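> take this sequence and fold it.
(one chain, ligands or ions: 1)
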Amino acid sequence: MSSKIFDRVLHRTFTFDFHEFISLLSIGFLILHIVILTGDQYMPYSIAQILIPFISPYRPVWVGVGVISFYLILLVSVTFYIRSRITMKAFRVIHWASFIAYITAAAHSIFSGTDSPLAMSELMYVGTFLVIVFMTAYWLLTLRSQKGAQTSRGYYLSGAAQPTDQSTRTHTVTASTRTPPTRKLDAPSGRR
Ligand code: HEM
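Next comes the predicted model:
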């Protein structure tokens with residue numbers, strides 16, 4: 001996970017708790033966003049218009065995309081609390097939905113927000129985009145180096161002698177990668 005980036009300065013437990021807290025905070029702000037819409041003097045929204053995608057009286061497509069994003073955010077956040085009851089694979093697959101949630105939320109905000117052309121809004125959209133790109137790149141890079149470390153660990157655990165030439169290396173690494181990784185190796189360390 002990209003939250004490993006904070007390991008040098010923050011305790012992993014704190015990072016995970018904070019991660020969970022941020023998800024809840026975002027849901028709190030979304031509820032506020034929805035409550036404000038229902039009280040709007042110019043175009044008040046009904047509960048159905050808020051909960052059912054694509055029936056909004058204003059920009060139905062882009063507001064509908066926002067409703068879908070809202071459900072995805074709820075889904076990802078709920079997995080924090082049912083984690084012990086689902087497999088790590090299911091947890092990860094659902095967590096991937098946060099990328100779709102981000103893309104749909106960004107499209108919704110840009111194309112349905114009346115404040116989108118403001119410099120402050122543009123700054124927020126560009127800023128959040130750059131953070132996502134940076135964290136994703138960091139995550140992919142650490143994933144690659146972790147896989148490399150696991151492969152070489154498997155190589156030496158397999159009892160092979162130190163490689164002396166390329167043909168020996170290729171043979172032994174292939175043999176070690178045939179062994180499926182254990183769940184323990186798959187699971188991240190710490191609380192998560
Ligand atoms: C039930 C789900 C949602 C509904 C019904 C909804 C509805 C709306 C509507 C009608 C607008 C236009 C308001 C205006 O500009 O005057 C809007 C704008 C916006 N929404 Fe949502 N939204 C939902 C979910 C979300 C989500 C999930 C996010 C982000 C995580 C989000 C963030 C924003 C932002 C940033 C704006 C732009 C505000 C502006 O430029 O004035 N919304 N939403």
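
> skip the chain neighbours and tell me the closest residue to the residue in the chain that the ligand sits nearest to.
As assessed by Cβ to the nearest ligand atom, the ligand sits closest to G113 within the chain, at 2.3 Å. Placement of C-beta: from N, CA and C, glycine included. Nearest residue to G113, sequence neighbours excluded (Cβ to Cβ, 6 or more residues apart in numbering): S121, at 6.6 Å.

> also I132?
Per Cβ to Cβ, 6+ apart, closest to I132 is Y102, 6.0 Å.

> quick revisit: return the distance of the residue of the chain closest to the ligand relative to M120.
G113 sits 11 Å away from M120, going by Cβ to Cβ, to the nearest Å.

> the more surrounded of the two?
Higher neighbour count among G113 and M120: G113, with 15 against 8, using other Cβ atoms under 10 Å.

> pull out the buried positions in the helix or strand encompassing G28.
Here G28, judged by DSSP states H and E, is contained in helix 12-38. Neighbour counts using 16 or more other Cβ atoms under 10 Å place 12, 15-16, 23, 30, 37 of helix 12-38 among the buried residues.

> again with stretch 99-108
Buried residues in stretch 99-108, defined by neighbour count with 16+ other Cβ under 10 Å: 101-102, 104-106, 108.

> how many neighbours does the residue lying closest to F18 once chain neighbours are set aside have?
Spatial nearest neighbour of F18, excluding adjacent residues (Cβ to Cβ, 6+ apart): L10 at 8.0 Å. Residues lying near L10 (other Cβ under 10 Å) number 13.

> S69 too?
22.

> do I94 as well
I94, neighbours per other Cβ under 10 Å, totals 16.

> quick one, what contacts it?
I94 sits next to 75-76, 79, 86 when contact means Cβ atoms under 8 Å, 6 or more residues apart in numbering.

> in helices, which of those fall?
75-76 (DSSP state H).

> would CSV of the contacts of I94 with distance to Q41 and neighbour count be doable?
Formatted as CSV, the contacts of I94 follow (distance: Cβ to Cβ, whole Å; neighbours: other Cβ atoms under 10 Å):
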residue, distance to Q41, neighbour count
L75, 33, 14
V76, 33, 19
T79, 38, 19
I86, 44, 12
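
> got the contacts of I94 as CSV, with pLDDT columns?
As requested, these are exported to CSV (pLDDT from 0 to 100):
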residue, pLDDT
L75, 96
V76, 95
T79, 92
I86, 93
